[in-house]
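Student: What would the 3D arrangement of this be:
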Amino acid sequence: MSGLDLADDWVWDFWVVDDPAAANADEHFHAFFLHAPRSLGDPDLRHEHARVGHAVSRDLTDWRVLAAALHPQTAPAFDDLATWTGSTVHAEALGGWWMFTSGITHATGTRVQRIGVSRSADLITWTRTSGTVMELDPRWYVDQVADDPGSPTAETHWRDPFVVADPTVAGLWHAYITAKTPHPQTAEPTGAIAHATSYDLESWEVGPPLDVEPGRFDQLEVISLDRVDGRWVLIFSVLGAQVPGAEPGEGGVWSVPVAGPGAPVDTRLATRLTSERLYVGRTVRLRDGSSRFLAFVNEDHRDPVGPFVGGLTPPLRVGWRTDGAGLRLLDAPDHWLPVRAGLG
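Tutor: The predicted model follows:
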């Protein structure tokens, strides 16, 4: 099966946009993706060597790779070590395309994550704005490094920004961010869906988490929001090790219905969409109004304890579960589907 992959680089987290200026027959889908050289040997090293690649396609199956969109900046900068996951939106009234990305620095490595923004008129050439946006607010979110700077295991989780326009309030934008908040029962850090709003994509007001009751997941990664068959759904990824009470390998991509951008999210009701062999799933809307699902290949189903795989899946048909509790894949191989009824 075809999908976006590179012979010399690992490919993992990604996001896709449709260029409204491109004709139907053109390569109107643009994928931005993290990649790092396989020559590093150890796949775990890829996180400190991540760059944002760029590819185009007309069908989400066959991709033409372009020059990289973003490289780490010259130090000191919020991403002078590596550039991580984000999202891209089109705002004609605000000057075109905006790309929000996470970043890490040489000074703190992967322990501290920050968010910045770049701008483009054509999706090809990107110019970073100075500094960062969407700063962590300690009133609602845990900054472990600031709280315990001497701890070698402390992390400041503030990454994976997903930005979406509000369909009911003109000019309003919402951002979803991977973060930590105090658990309502134990006060220990637990996974949270951080939320921020803006009218100009530059000045952001960070608010409390959207979670109705945090605590089911130790972290929720690469959150996204989309309409599938006319209904809003929130999608995120969690490995089994980050799900208290789950068995190893009982993670993957998860989904839960929501009322729309900025609405409360009850992650206690989330259902698994994929097995842990896939990760970082996103839906992409086709121009006929239907949706497709893509993810990166996390594990080889023939060798689940083997090395990290990488590379994107081909587009998979996706729809709602019969009970309406979340999404389901309609044409995926069995090894990419969740197998334990109680979790999926």
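
Student: Mean pLDDT per helix and strand in the protein: which one sits at the bottom?
Tutor: helix 144-147 (a mean of 93; mean pLDDT, DSSP states H and E).

Student: what's the distance between it and the middle of its chain?
Tutor: 24 Å (C-alpha atoms, centre = their mean, to the nearest Å).

Student: With stretch 282-291 instead?
Tutor: The answer for stretch 282-291 is 17 Å, by C-alpha atoms, centre = their mean.

Student: If we go by neighbour counts, what in it is buried?
Tutor: 282, 283, 284, 291 (16 or more other C-beta atoms under 10 Å). To be clear about C-beta, it is placed using only N, CA and C from the backbone, and glycine gets the same treatment.

Student: dump the residue contacts of the second one.
Tutor: Right, the one you point to is residue 283. 224, 226, 228, 233, 235, 291, 292, 293, 318, 327 (C-beta atoms under 8 Å, 6 or more residues apart in numbering).

Student: What is the neighbour count of the fourth one?
Tutor: It stands for residue 233. For residue 233, the neighbour count with other C-beta atoms under 10 Å is 21.

Student: And for residue 154?
Tutor: 17.

Student: Grab the most central residue of this structure for me.
Tutor: residue 222 (2.5 Å; C-alpha atoms, centre = their mean).

Student: That one should be in a helix, yeah?
Tutor: No. Per DSSP: H, G, I helix; E, B strand; the rest coil, residue 222 lies outside any helix segment and is strand.

Student: wait, isn't it in contact with residue 12?
Tutor: No. With contact defined as C-beta atoms under 8 Å, residue 222 does not reach residue 12; the gap is 9.9 Å.

Student: can you list residues touching both of the two?
Tutor: With C-beta under 8 Å, 6+ apart as the test, residue 222 and residue 12 both reach residue 280.

Student: Would you verify that residue 335 is located in a helix?
Tutor: Yes. Assessed by three-state DSSP, residue 335 belongs to a helix.

Student: Can you report how many residues neighbour it?
Tutor: Residue 335, neighbours per other C-beta under 10 Å, totals 15.

Student: List the residues that contact residue 217.
Tutor: 190, 191, 238, 242, 243, 244, 267.

Student: now the first one: how far from residue 39?
Tutor: Per C-beta to C-beta, to the nearest Å, residue 190 is found 37 Å from residue 39.

Student: which one of the two has more residues nearby?
Tutor: More crowded of residue 190 and residue 39, by other C-beta under 10 Å: residue 190, with 24 against 7.
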